[in-house]
Structures are given as structure tokens and as C-alpha cells.
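Asks: Curious how this folds, go ahead:
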Amino acid sequence: MATKISGVQAALSRCIPAVLLLVVTAAAQTQPQTELAGRWAGVIKLPTAELAIEVNFRTEGDGFGGDISIPAQGAANLPLAKITAQGANVSFDLPSVPGSPAFSGRVAEKGDKIAGEFSQGGQTFPFELTRGGGVDAARKALEGFGEFVEQARKDWKVPGFAIAVVYKGDVVFAQGFGQRDVGDDLPVTPQTLFAIGSATKAFTTFSMGTLVDEGKLDWDRPVMTYLPGFQLFDDYATTHMTPRDLVTHRSGLPRHDLAWYNNKLLTREQMVQRLRHYEPNKQLRETFQYNNMMFLTAGYLVERLTGGTWEQAVQSRILEPLEMKRTNFSVAASQQSADFALPYEEKDDQVRRMNFRPIDNVGPAGSINSCLDDMTHWLIVQLEGGKYNGRRLLSDEQLREMHTPQITLAALPEEPELSPTSYGLGWFIRSYRGHLQVEHGGAIDGFLAAVTLFPNDRLGVVAFANMNGSAMPTLMMRHAADRILELPFKDWNGETLKKWHAGKKATKQAEAKKDTLRKPDTRPSYALKEYAGEYEHGGYGVAKIDYDGERLILTFNDIVTPLEHWHYDVFNGLENKEDATFENMRAQFLSNLKGDIDRLELPLEPMLGPIVFHRKPDAQLSDPDYLRQFLGVYELAEQEITIGLQGNTLTVSVPGQPLYELAPDRNNEFNFRAISGFSIRFQLAADGSATAFLNQPNGVFEIKRKAKMGS
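Replies: Numbering: from 1, shown residues only. Presented below is the predicted three-dimensional model:
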């Protein structure tokens, strides 16, 4: 800090020789010594300007500890020394700063003000402090805010809402509104648990920052340094991807969210192993593309470096020191609490209950659940330089790194009050009406969250709603910030509400025209039962198609969706009231040259073409016990062809030719791995005799088995 202070001193010396302001002194009062403890705000009066300062005194044993912040100089929580309080007289120093800055003053009779002299480098200037540090003014600015929020909640049809505001280290507002459980009419409280969704990402980067502080992680070394088996679709990205890239959404991959969404079986390690199958659409670091998979990988990296789970790392490095006692990592844990919100959505103009969405496996990207009381502690450590209750959790350097832009989003805001947005390490960053804003929202089925910091103003807001897709958390944050920052009124809520109603009307009109996309009077190419089977993709896993005698049914990641024929070999997802994820999604079936349905295309990633799932072969065709019945010597045109077995793979041996491996298909048919368009199908008779049909582009050759093998 000495360098920064010296810079200020040089600037001031143009009008006042050798003057440097950077510490605030608070005076004691005629009241007991403990009355000094608390926050104070004021100014040092220079000849040409007033320098705002903020002082925090704490009772420590028989004396005091304290710190000072000078927003104009970017100085936060500088430690004070030699704090004395004798009667109404108070003094304290700012150690390790050039010019021996010191404060000496007196506490007013009412105990609400301190006035005196600030000295540094042989010069003296008056200073004044007022108890409350601006906190009282902030509370006053929020008078009537609760009524405003309640009316907005009704306008937006949000069942339950909660919002808290932290200013200069104090909670100046924290209140719940509406119902956390509509059916039982249970209220929202500051203790009510909500899913915070992607606001979890900042917890992951914070834990990574602690590892950087400990020398266990470097943001800019290749991920392969820490995860030797790490592999992406692209070789260059594999070798050059860094932890910084993982948490700044610049991997080159689009979201691929439906690969993990609702998947309850895969471990984090298995999901990281699947990364090699996800196709990118951009080059590494080319542009910003939001990606939860990379944050999952970052969390897995934390696990490998700490030797425990990501949850354990966040618990020990963040939640415990911040006394976030109710915060948890899964919706299952939330439901064991006595005070948790239920998720809701609006469907056909009616508010209805949703199911909880477990996302534990992708936890580092969004699984945390918390409440207002806990999240205010998270705001404080972010706004107070990485410290909480005098304990440092993260270095100033790492906290600044997280709040510093790393990549710019390729989009311009519609509102003139907002600047273009960048992304830091787990945070979005922009200018909001001239104030630095660092924020991250969170959305998961039935819940919305907004966590917002104004670091230069030491202002933070956290807001929750238990309504799917609601804009209310962000809007209420803006109204609260405008009040405290004394910004001109702007009707964020009214303007957005008007757009919302217009959007709902346009959506209904569009839905009414859905069938115009359909080709009339078409039929499927096959009987419906022929489409049934399991289709597989290396990254997305298995999509299962069943036939129930009337229609096809898609099951993917345990989400069941009935299908209706749309046109040709395209089918459309119907409504499933339990889970509407694939409602109105088109599924297309494709066939191979043999006329068999062998592929299923699903539009699971909008930034790429359809994801292609290949039909899985019959499982028994990879069972050695089942395959042994085909072994033997077959004869074709006085030439012997030997069908053998290596492991669970059938082989074909023809004199004078290399050994061919067969890939299982369906109905006892196998394709030649090395020759396109060639296959062999086996037919077994009741007496144990076997016939094989060798299919080639120029015809089908029937070959009889003359001798068994391997029995």
C-alpha cells in the first residue's frame, strides 16, 4: 500500500506540499471505551477537495483494533495501530505509510461524531467522522423498499422472494416475501433455502484461488499438468487449456448442457473423461461461450489437488470460516431442512409446482443452495478484500483477479445505463450507471438467484425467487442499488414487466402456428416397432426408443417423452407434465445402405448440428457364450471360410487374405470392420446346423457350415 499512498501524495503535492492522506482517526468519547467500536465514515478536508474515508473499530481484549478504507485510492481495510481512547479523546496511526500519518480528535457529547486533526509529513488537516459509516443513510434509503418488492412479486406472479443488502460491512436489509410453499402457505424468511444455480461458480473459483495462494495451482499452466488424462475433442485445446480457460468460458465448446442435465449416474471423473467426445464450434480463446462442463472440470481439478471432494473443499475453505451454516450442496439436503423453498413455474398462465432438479454431479457449476443470512457473509468477504471477521480467506491479489475482466462478451447491451459485459473468474463484470458491477446469476428448475457486488461502493445485493425464469431478482437488485447509490429513478421493473407481457403474447401466437412447419400427408418409412432400440453417443450416452403398441417413447437421462409422428421419419416430443425438457423437440431417424434404421439425430446443442446417436448392436452379439454357436468351418465354392473368436469378437479367415474382424449389428448380422458394404448374417436351424449369408455389393453368397469349432 505504500506505493499507492505515495502516488496520492505526489498528486496532492501540486497544491499542498508533501501531503498524503490515507488513514482516518477516530476519537474516543466521554462514554465507556467500548462505545468506540463500530463503523464510522467521513472526510479529510483538503484545501481543494474532501477525501472520503471509512473507519472500522473493533473491541479486542482491553483495547481496540481497527482498519481504514479510502475508496478514492482503492485502499480497503488497511490496519490501524496505536488506537487509544481516553475520555473523549481518540487517536490512532496508520503504520508502514510514508509521512507517519496519524489522527487525533474528540468524540462529540452525543457519541455520534468525531472531529479533529489529521497529520502527515509535517502538515495538518481537519477531519470529521460520523458513526454508522453511511450505513444509517443506506437503511433510510431503503425505507418503503419492502412494499415496492411485495407489489413487484405480485405483478410477476412469483410465489416467494427474498432479498438482502450489505453496505460497508453491515446488513442493511434482509427480508423474505410471499410463500416458500404455496400449498401449505409457509412464508419465506431470511433462513429459507433457495437454489443459487450458477452463482455457485464463484465459490469454485474462490476455492481455486485459495489453492493458488498456497502454491498448489497456477492459473496459466496447462490443465494436463494437474490432470494427466485430460483430453478434449481438439488436440491443440487439449494441450493448451489452462485452469483460467476452464473458468472464463473460452474453451471453444458450446454448452452441451443436455449431456449432463438430469444425469444421476455418472461420476465427475467419468464426465471429465467424456469431454473428448464433445465437438467444439470455436477455437480455444476465440470467443466467450458459456460452458458448465468446464466448471465441472474445474471442480474435479480442485478434488485432485486437495485429495477430497469439491464439496469438502468449499466447506472447509469457504462455508465454515464464513459461518454459512445452512448452505448445502444438493436439493436433497435442502429438503431435510425445516425451512426451504419449493420450485414453481408458470404454465398456461397458471403457477404450478415443479420437481426439484438434482445436479450434484455438475455441482461445481451450480449445485449450491443457500439463504439470505448465509449469503450476506459471502457478500462481505467479497467486498472486504477477502477478509471476514478479521480472518483472511483469500489474498487481495486473487480477489482482484476474480473481479478483473478476462474475456469480453460479443454483445452490446440495450440499456444505455449498462456497459458491454466481460467475464472474470466466475463473475460477470460491467459498469452499471457509472459504478463497477461484479455479478453472477443462477437459474435451475424453479429457482432464480442474483448475486451482485459494487466493489468500489462496498455495496452488495443477493436476491432469490422460487419461480422459473423470473427477472425479478435482477430488477429488485437494481432498484435497491439505485436507492443507496442515490441514482436517478428508472422504472426497471415497469419497463421489463411491459416487455414480459408482450413476449408472452408473441409466444402464444407463435405456438399457434407450430403446425405450419409440418409436411402434411406423410407416413413413417417403417413400422413403428422398427424404430425401437438403444442409440448411443460417446459423450451424451444412450437415448432409448421404446414402442408401447401405439407410439414411440424417448428416454434420455431418465427423462421420458412420448413422441408423435411429425412428418417422414421425424417425430415430435409431446408434453410430459413431470418434465417438459424435450417437449416440441424433433427427433429424426436415419437408415443405412442396407435399409436398416441405424441413427437417431437429436438437436441437443443449438450451436452445432444435430447430435448423432448410433444404434447399439444387439447386446448378445458381444457375448462370447452366445457367439460360440456360430464358430466353425464354412464352405463356399469349394473354399473353406473359418469363423473364429478372439475375446468377444468374431473373426473371418479366408485362405490367402488377412484376418477380418466382425462388428456386431442386429439379428445375428455382423459387419466387416475393414471393408465397407460387406456383412455376414448367421442362421441357425433347430438341428444345430448353421448357414451364413455373405452380403457383398454384388450379391449375397450362401455358405454352409461343414464343421463346428469351439464347442
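Asks: who touches V461 in this structure?
Replies: I163, A164, V165, V166, L379, A450, V451, T452, M477, A480, A481 (CB atoms under 8 Å, 6 or more residues apart in numbering). From N, CA and C alone the C-beta is placed, and that goes for glycine too.
Asks: Any of those buried? List them.
Replies: I163, A164, V165, V166, L379, A450, V451, T452, M477, A480, A481 (16 or more other CB atoms under 10 Å).
Asks: Helix, strand, or coil at the fifth one?
Replies: I take that to be L379. Three-state call for L379 (DSSP: H, G, I helix; E, B strand; the rest coil): helix.
Asks: what helix or strand does the residue nearest to it when sequence neighbours are not counted sit in?
Replies: Residue nearest to L379 in three dimensions, not counting chain neighbours: G460, with 3.4 Å by CB to CB, 6 or more residues apart in numbering. Per DSSP states H and E, G460 falls inside strand 459-465.
Asks: quick one: which two of the contacts of V461 are the most distant?
Replies: V166 and A450 (13.8 Å; CB to CB).
Asks: Just give me the neighbour total for T306.
Replies: 18 (other CB atoms under 10 Å).
Asks: returning to what we had before: so how far is G434 from the residue nearest to L379?
Replies: Here G460 is placed at a distance of 18 Å from G434 (CB to CB, to the nearest Å).
Asks: Okay, and the beta partners of N328?
Replies: Taking DSSP bridges, one finds N369 as the beta-bridge partners of N328.
Asks: Which stretches in the stretch 501-650 of the chain count as helices?
Replies: 624-627 (DSSP state H, counting those that start in this stretch).
Asks: Could you point out which residue ranges in it have low pLDDT?
Replies: For the stretch 501-650 of the chain, no stretch has pLDDT under 70.
Asks: Have a look at G460 and G434 and say which one is more surrounded.
Replies: G460 (28 against 9).
Asks: Test my guess that the more buried one contacts M375.
Replies: No - distance between G460 and M375: 9.0 Å, which falls outside the contact criterion (CB atoms under 8 Å).
Asks: and for these two, which residues touch both?
Replies: V451.
Asks: Same list (the buried ones among the contacts of V461) but as JSON lines, adding pLDDT, distance to A141 and secondary structure.
Replies: As requested, these are exported to JSON lines (pLDDT from 0 to 100; distance: CB to CB, whole Å; DSSP: H, G, I helix; E, B strand; the rest coil):
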{"residue": "I163", "pLDDT": "98", "distance to A141": "14", "secondary structure": "strand"}
{"residue": "A164", "pLDDT": "98", "distance to A141": "15", "secondary structure": "strand"}
{"residue": "V165", "pLDDT": "98", "distance to A141": "10", "secondary structure": "strand"}
{"residue": "V166", "pLDDT": "97", "distance to A141": "14", "secondary structure": "strand"}
{"residue": "L379", "pLDDT": "98", "distance to A141": "17", "secondary structure": "helix"}
{"residue": "A450", "pLDDT": "98", "distance to A141": "19", "secondary structure": "strand"}
{"residue": "V451", "pLDDT": "98", "distance to A141": "21", "secondary structure": "strand"}
{"residue": "T452", "pLDDT": "98", "distance to A141": "16", "secondary structure": "strand"}
{"residue": "M477", "pLDDT": "98", "distance to A141": "14", "secondary structure": "helix"}
{"residue": "A480", "pLDDT": "98", "distance to A141": "9", "secondary structure": "helix"}
{"residue": "A481", "pLDDT": "98", "distance to A141": "10", "secondary structure": "helix"}
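Asks: now, which of those residues sits nearest P603?
Replies: Among the buried ones among the contacts of V461, and counting by CB to CB, the member closest to P603 is A450, at 29.9 Å.
Asks: ok so, going back, what distance separates the strand holding G460 from the middle of the whole chain?
Replies: 17 Å (CA atoms, centre = their mean, to the nearest Å).
Asks: and if you look at stretch 438-448?
Replies: Relative to the chain's own centre, stretch 438-448 is displaced by 8 Å; criterion: CA atoms, centre = their mean.
Asks: do stretch 426-436 as well
Replies: On CA atoms, centre = their mean, the centre of stretch 426-436 falls 18 Å from the chain's centre.
Asks: what about that stretch, start to end distance?
Replies: Start-to-end span of stretch 426-436 (CA to CA, to the nearest Å) is 16 Å.
Asks: Residues contacting it, please?
Replies: Contacts of stretch 426-436 (CB under 8 Å, 6+ apart): 201-206, 247, 402-405, 413, 417-423, 437-440, 453-457, 478, 481-482, 485, 487.
Asks: Buried members of those into ChimeraX, please.
Replies: The buried residues among these can be selected in ChimeraX (16+ other CB under 10 Å) with this line:
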select :201,202,203,204,205,206,247,402,403,405,419,421,422,423,437,438,439,440,453,454,455,457,478,481,482,485
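Asks: Please spell out which residues along stretch 260-279 are buried.
Replies: Applying 16+ other CB under 10 Å to stretch 260-279 flags 260-263, 266, 268, 271-272, 274-275, 277-279 as buried.
Asks: among the residues you listed, which are in strands?
Replies: Among the buried residues of stretch 260-279, no member is found in strands (DSSP state E).
Asks: residues contacting Q273?
Replies: G229 are the contacts of Q273 under CB under 8 Å, 6+ apart.
Asks: that older thread, name the strands paired with the strand holding G460 and say parallel or antiparallel.
Replies: strand 160-167 (antiparallel), strand 447-454 (antiparallel).
Asks: Which one of those lies nearest to Y290?
Replies: Here strand 447-454 is closest among the strands paired with strand 459-465 (CB to CB), at 16.0 Å.
Asks: and the closest one, how far out from the chain's middle?
Replies: So, by CA atoms, centre = their mean, the centroid of strand 447-454 is 12 Å from its chain's centroid.
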